[in-house]
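Undergrad: Got a predicted structure here, sequence first:
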Amino acid sequence: MTQRETLTLAAPEVRFATDEAGTFSGYASVFGEPDSYGDTIRKGAFRKSLTARKATGGPAMFWNHNPDEPIGVWTELEEDARGLKVTGKLVTETARGAEALALLKAGAVNGLSIGFRARSSERGPNGGRVLTDIDLVEISLVSLPAASKARVTSVKGAAGPAGVAAFIEAARRAATLIRRK
């Protein structure tokens, strides 16, 4: 006779964090990469602007550089070794914010693009500017970024009915596997 062990998994409730819905991250600019205009951004070019923006708020988040279409807020901005790393939150209670989230989740849109004023630059070897000091005004979610590597790298969304169903199914499979052992 084999001895049987019963494992009971109790989960009185399962909660999904919805405060992250519409949050996404990526690089709004990548250092050393010439954009479609021939401009290259040097590490440190955003330093002054980021310090100033912490005190005043911003930069703005627009849809395709259109100031009539704000779609969210930037919650984190930092220069790292690669470029301008950003995290933003879409305002999904607006039609354009909800559309932007749907397009991001589907992979239909994943470009980021900066709107700025050049305070200081040098001539680069390719004839374009090497930007050394930038006044960052806005960062937009776009279809076609001028800098090909300026992209959204992750998107968080609310776990809707399909997400909840997938979680429940995964939990059932895990419980079945545990019972077999």
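TA: Cool, the structure landed. Since we're looking at a predicted model, the values are computed, not measured.

Undergrad: nearest residue to the residue nearest the centre of the chain other than its sequence neighbours?
TA: By C-alpha atoms, centre = their mean, the chain has its centre lying nearest to residue 25, at 2.2 Å. Spatially, and ignoring its direct neighbours in sequence, residue 25 is nearest to residue 87 (4.5 Å; C-beta to C-beta, 6 or more residues apart in numbering). C-beta: built from backbone N, CA, C; applies to glycine.

Undergrad: Could you double-check that residue 22 sits in contact with residue 99?
TA: No. Counting by C-beta atoms under 8 Å, residue 22 stays clear of residue 99, with 11.4 Å between them.

Undergrad: before we move on, the earlier item: okay, and the residue nearest to the centre of the chain sits in which element?
TA: Per DSSP states H and E, residue 25 falls inside strand 23-30.

Undergrad: Please apply the same query to residue 99.
TA: helix 95-106.

Undergrad: Can you name the next helix or strand after that helix?
TA: Helix 95-106 is succeeded, C-terminally, by strand 111-123 (DSSP H and E).

Undergrad: okay, now residue 34: neighbour count?
TA: 19 (other C-beta atoms under 10 Å).

Undergrad: contacting residues for the nearest residue to it once chain neighbours are set aside?
TA: Sequence neighbours aside, residue 40 is the residue nearest to residue 34 in space, at 4.9 Å (criterion: C-beta to C-beta, 6+ apart). For residue 40, the contact set (C-beta atoms under 8 Å, 6 or more residues apart in numbering) comprises 31-34, 124, 126, 128-131.

Undergrad: which SS state does residue 70 fall under?
TA: strand (DSSP: H, G, I helix; E, B strand; the rest coil).

Undergrad: ok, back up a step: so what pLDDT did the residue nearest to residue 34 get?
TA: If you check residue 40, the pLDDT there is 96.

Undergrad: Next, find the distance separating it from residue 93.
TA: 38 Å (C-beta to C-beta, to the nearest Å).

Undergrad: buried stuff in the strand or helix carrying residue 134?
TA: According to DSSP H and E, residue 134 maps onto strand 129-142. Residues of strand 129-142 classed as buried: 129-131, 133-134, 136-142 (neighbour count, 16 or more other C-beta atoms under 10 Å).

Undergrad: Could you list the alpha-carbon positions for that strand in CSV?
TA: The C-alpha trace of strand 129-142 is given here as CSV (Å, rounded to 0.1, in the frame of the first residue of the first chain):
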residue,chain,number,x,y,z
ARG,A,129,25.9,68.0,-34.5
VAL,A,130,27.3,66.3,-31.4
LEU,A,131,24.9,67.6,-28.7
THR,A,132,26.7,68.3,-25.4
ASP,A,133,24.0,70.2,-23.5
ILE,A,134,20.3,69.8,-24.1
ASP,A,135,17.2,71.5,-22.7
LEU,A,136,14.8,68.6,-22.7
VAL,A,137,11.2,69.9,-23.3
GLU,A,138,9.2,66.8,-24.0
ILE,A,139,9.4,63.1,-24.7
SER,A,140,6.8,61.6,-27.1
LEU,A,141,5.6,58.1,-27.8
VAL,A,142,5.9,57.8,-31.6
